[in-house]
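In: based on what follows, work out the 3D shape:
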Amino acid sequence: SLRGYHIPELPDSIGDLRYLRYLNLSGTQIRALPESVNKLYNLHTLLLEDCRKLKKLCADMGNLLKLHHLKNSNTDSLQKMPVGIGRLTCLQTLCNFVVGKGSGSGLRELKLLTHLHGTLNISKLENVKCVGDAKEAQLDGKKNLRELLLRWALNTDGSSSREAKTENDVLDMLKPHEILEQFCISGYGGTKFPAWLGDSSLPNLVTLKFENCDMCTALPSVGQLPSLKHLSVCGMSRVKRLGSEFYGNDPPIPFPCLETLIFENMQEWEDWIPHGSSQGVVEGFPKLRELHILRCSKLKGTFPEHLPALEMLVIEGCEELSVSVSSLPALCKLQIGGCKKVVWESATGHLGSQNSVVCRDASNQSHNGLLQDICSLKRLTIGSCPKLQSLVAEEEKDQQQQLCELSCRLEYLGLSGCQGLVKLPQSSLSLSSLREIYICYCSSLVSFPEVALPSKLKKIRISSCDALKSLPEAWMCDTNSSLEILSILYCHSLTYIAEVQLPPSLKRLDIKDCDNIRTLTVEEGIQSSSSRRYTSSLLKQLRINRCPSLTCIFSKNELPATLDSLEVGNLPPSLKSLEVLNCSKLESIAERLDNNTSLETITVSFCKNLKNLPSGLHNLHQLQEISIGRCGNLESFPEGGLPCAKLSKLRIYGCERLEALPKGLHNLTSLQQLTIGIGGALPSLEEDGLPTNLHSLWIEGNMEIWKSMIERRRGFHRFSSLRKLTIEGCDDGMVSFPLEDKRLGTALPLPASLTSLAIYNFPNLERLSSSFVDLQNLTDLGLYNCPKLKYFPEKGLPSSLLRLQIEGCPLIAEKCRKDGGQYWDLLTHIPRVQIASKSVFFDLSTEDG
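Out: Predicted structure coming up:
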């Protein structure tokens, strides 16, 4: 299997693998199969799925008589099928049959492929010029096919070379076997559909799709298909009317089993005449559960109203359509968008007990009074309704009357893009079943009513409400509240979250991208006896990100002891993960961390004013990972160093003012991954250097560490467990790699255990030294942005290499050219070679047959 390999071609030597039975080239970049593939006489399975650049197969595949499976789905560039494919009579799977132009392989090649089963896609049918070819294909004899797709290319340029009559006749000859279950006709250029589509010749058909059949002015009479459950009609731009011809020749009940009906992009469709409407009886679609009418801008009047089983109705972009759901007793989901003439408020009262209403893009409707009639509604989403000012017609004085009227089942309330909404009514927060509120892009919303939250409400998310200045204190002090998650994003007028305390039931608080928020609680003028009440909170996750005005978390108090995930704050002893991100004004995280016995990970990044880390890091015996990055004012690590018991990952990068690395690095016996990318004038390593048990080491831009490795003769060979080494821009003067010990005149050896080596950004590097050949475990080598590199080792690269990548090294890349490059022969044993983002070679002999 070569699946997913970035190879543009196969060598002709593939044909030498005479006993090969299985070949998987799916997801590769190949453009053509070599002719030698026709010599694989024993090939049983050939997989070419998702080969987007594949243009042609072998010119002749007639020798592959044992081929059972040719899977070539998603090969849109394929131009035609090879000559002789009709001789492959054992073929059971053929996903895509491409009709070629002119003398290319035609439909008649399908005649003898009687064992095809599953799915068959026949594409580029516009190339069929002889109706006899279509007849010779004998699709009606292929009794094992379950799904058939007939595709013509879209006639986007209005070309006159396609003849509607020919396409009429071709489709007429492509009648499938009666066992077919799924059928799709796409891009058809004929003016009418064959009669067999509307009779009983397809009794088992379950799914039927018509896509972009632009020349047809009417749909076939498919209302009589007894097993049809799913019908989709898309892009038939000349259909203006659906009437009796759609339902069939007076069937007693048209579409008896249909469950899903979709009409989409019917640009000229104007009228939908229900079955039997002339007699005053509207019947049909007895089992229809979903109806979607999308972007049918001229459709007017109404759609069939007597749909007793309809559960979901979606109408989008139908500006002239009137909707009434009074006779839809089973309806539980209603989604309406961009329908200027739809009166949907009165419809909600007729919805079932488990229902959802979505209204979007209703720019010309105010929809005031939505909450008056939602006694059974469970989900209400309103989007892009800029004129919406209120959810009730007016604020009643009698609050008890409101509670009675709004004693409803509403569980979810979502408001988005309602720029005219200034406030929510008190009654909106008296919905006893409400569990979730989502409000975004309501730019005029200033405040919420000062009332307690519904007792079942668990989640509130507020985003991009720029005018919002405060949250109600009634939310924060309600001991009966069930609120667990509160998220505030892009609310730039907020300066704090609560005056005294957070909601006592709150488990997660996210504050992101609030430019002016300074603290979570103000607590000004609050007596100390009441200011610690929230320490009994259930808060477990606190995340504050990209809040540039933040100066402190809480003005006086400690965080709750239940917290186990934190991005900023004074740290409780049970904390397991500490993340401090993008807090540019934060100067200190905590004074000490001695008592944080549960802490496992510390991440601090983009905190440019942070000057020091908490002391006591060496006492954190459960600590496993530390990452400190982009903290430009950080000067030092704590005196005691780092814990040595379980620390396995350490990253320090982008801290230009750091005066020294943590003390005692060599004692970190559990450390496996180390990244040092500091730059600047960092002093050299301690006498004992780095721990030798590392598995992965990345050193970036620090010449002093590099020199220490040489001067103390501590070359990398001591790191007997090192698997991955990345060196980036450490020494502008380095000409040869590995480094040379000038006293001995030899290169410092690299550890024999290395499997991956990457070299970045050495402007003067010219050569790789001869010691490279000793790296017999090296499988991955990357060379990046070394513009003067021009020499490989004289003895070549390690024979163990499986992957070589070269980027930004023009001199050495020129020598690796396939057509005459000096080093080309040194690369032929490497399975994957990528130069300047292009795969240039693949040696098939490294793969199992």
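
In: quick one: low-confidence parts of the stretch 601-750 of the chain?
Out: 679-688, 702-717, 730-731, 740-747 (pLDDT under 70).

In: contact partners for residue 128?
Out: Shown in contact with residue 128 (C-beta atoms under 8 Å, 6 or more residues apart in numbering): 99, 106-107, 134, 166, 170. For every residue, glycine as well, the C-beta is placed using N, CA and C.

In: swap that for residue 481, sorry
Out: With contact set as C-beta under 8 Å, 6+ apart, residue 481 has these partners: 452-453, 455, 457, 475, 503-505.

In: so which of those residues is the closest to residue 230?
Out: Within the contacts of residue 481, proximity to residue 230 (C-beta to C-beta) peaks at residue 457, which comes in at 38.3 Å.

In: which of the three states applies to that closest one?
Out: coil (DSSP: H, G, I helix; E, B strand; the rest coil).

In: report pLDDT for it.
Out: Looking at residue 457, its pLDDT stands at 92.

In: hmm, it is touching residue 480, no?
Out: No - under the criterion of C-beta atoms under 8 Å, residue 457 makes no contact with residue 480, lying 10.8 Å away.

In: considering the contacts of residue 128, which is situated nearest to residue 437?
Out: Nearest to residue 437 among the contacts of residue 128, with distances taken as C-beta to C-beta, is residue 99, at 55.7 Å.

In: is residue 626 in a bridge, and if so with what?
Out: Beta-bridge pairing for residue 626 (DSSP bridges): residue 602, residue 650.

In: next, count neighbours for it.
Out: The number of residues packed around residue 626, counting by other C-beta atoms under 10 Å, is 23.

In: how close does it get to residue 651?
Out: Residue 626 is 7 Å from residue 651, where distance means C-beta to C-beta, to the nearest Å.

In: same list (the contacts of residue 481) but as a markdown table, adding secondary structure.
Out: Shown next, in a markdown table, are the contacts of residue 481 (three-state DSSP):
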| residue | secondary structure |
| --- | --- |
| 452 | coil |
| 453 | coil |
| 455 | coil |
| 457 | coil |
| 475 | helix |
| 503 | coil |
| 504 | coil |
| 505 | coil |
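
In: which of these are buried, as a ChimeraX select command?
Out: For the buried members of those, the matching ChimeraX selection, counting by 16 or more other C-beta atoms under 10 Å, is:
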select :452,453,457,475,503,504,505
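
In: so which residues of the stretch 601-750 of the chain form strands?
Out: Secondary structure of the stretch 601-750 of the chain by DSSP state E, counting those that start in this stretch: the strands cover 601-605, 625-629, 649-653, 673-677, 696-700, 724-728, 736-737, 740-741, 746-747.

In: export these as a markdown table, with columns for distance to residue 445.
Out: Output for those, formatted as a markdown table (distance: least, C-beta to C-beta, whole Å):
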| stretch | distance to residue 445 |
| --- | --- |
| strand 601-605 | 33 |
| strand 625-629 | 37 |
| strand 649-653 | 42 |
| strand 673-677 | 45 |
| strand 696-700 | 47 |
| strand 724-728 | 49 |
| strand 736-737 | 61 |
| strand 740-741 | 68 |
| strand 746-747 | 68 |
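
In: relative to residue 36, which of those is closest?
Out: Here strand 724-728 is closest among the strands of the stretch 601-750 of the chain (C-beta to C-beta), at 38.7 Å.

In: helices or strands up against the closest one?
Out: In terms of contacts (3 or more C-beta pairs under 8 Å, 6 or more residues apart in numbering; DSSP states H and E), strand 724-728 is packed against strand 696-700, strand 756-760.

In: distance to residue 54 and mean neighbour count added to those strands, as TSV?
Out: Shown next, in TSV, are the helices and strands packed on strand 724-728 (distance: least, C-beta to C-beta, whole Å; neighbours: other C-beta atoms under 10 Å):
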stretch	distance to residue 54	mean neighbour count
strand 696-700	38	19
strand 756-760	32	20
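
In: closest to residue 121 out of those?
Out: Between residue 121 and the helices and strands packed on strand 724-728, the tightest spacing by C-beta to C-beta is seen for strand 756-760, at 42.0 Å.

In: can you give me the angle the closest one makes with strand 696-700?
Out: 10 degrees (axes from the mean of the first three to the mean of the last three C-alpha atoms, to 10 degrees).

In: following element in sequence after strand 756-760, please.
Out: Using DSSP states H and E, the helix or strand that directly follows strand 756-760 along the chain is strand 767-768.

In: contacts for that following strand?
Out: Applying C-beta under 8 Å, 6+ apart, the contact partners of strand 767-768 are 735-737, 789-793.

In: who wins on neighbours among those?
Out: Going by other C-beta under 10 Å, residue 789 tops the contacts of strand 767-768 with 27 neighbours.

In: I'd guessed it sits against residue 764; true?
Out: No - look at residue 789 against residue 764 with C-beta under 8 Å: they stay out of range, at 9.4 Å.

In: ramachandran angles for residue 145?
Out: Note on residue 145: backbone dihedrals following degrees, to the nearest 10 are phi -70, psi 130.

In: that one bridge partners, please.
Out: With DSSP bridges as the rule, residue 145 is bridged to residue 118.

In: can you count the residues close to residue 480?
Out: Neighbour number of residue 480 under other C-beta under 10 Å is 10.

In: that's a helix at it, yeah?
Out: No - Residue 480 is assigned coil when assessed by three-state DSSP, not a helix.

In: which residue sits closest to it, ignoring its sequence neighbours?
Out: Spatial nearest neighbour of residue 480, excluding adjacent residues (C-beta to C-beta, 6 or more residues apart in numbering): residue 455 at 5.7 Å.

In: residue contacts, the one you found?
Out: By C-beta under 8 Å, 6+ apart, residue 455 lies in contact with 432, 480-482.

In: and these as TSV, adding pLDDT and distance to residue 312?
Out: Shown next, in TSV, are the contacts of residue 455 (pLDDT from 0 to 100; distance: C-beta to C-beta, whole Å):
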residue	pLDDT	distance to residue 312
432	81	26
480	83	36
481	87	34
482	90	30
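
In: which of the residues you listed lies closest to residue 206?
Out: Nearest to residue 206 among these is residue 432, at 43.4 Å by C-beta to C-beta.

In: does the closest one count as helix, strand or coil?
Out: coil.

In: ok, it - how many residues close by?
Out: Quick note: residue 432 (other C-beta under 10 Å) scores 14 neighbours.

In: and for the one 4 residues further on?
Out: Counted with other C-beta under 10 Å, residues neighbouring residue 436 total 16.

In: same question, the one 5 residues further on
Out: Residue 441 is surrounded by 18 other residues when neighbours are defined as other C-beta under 10 Å.

In: now residue 434: how far from residue 226?
Out: Residue 434 is 45 Å from residue 226, by C-beta to C-beta.
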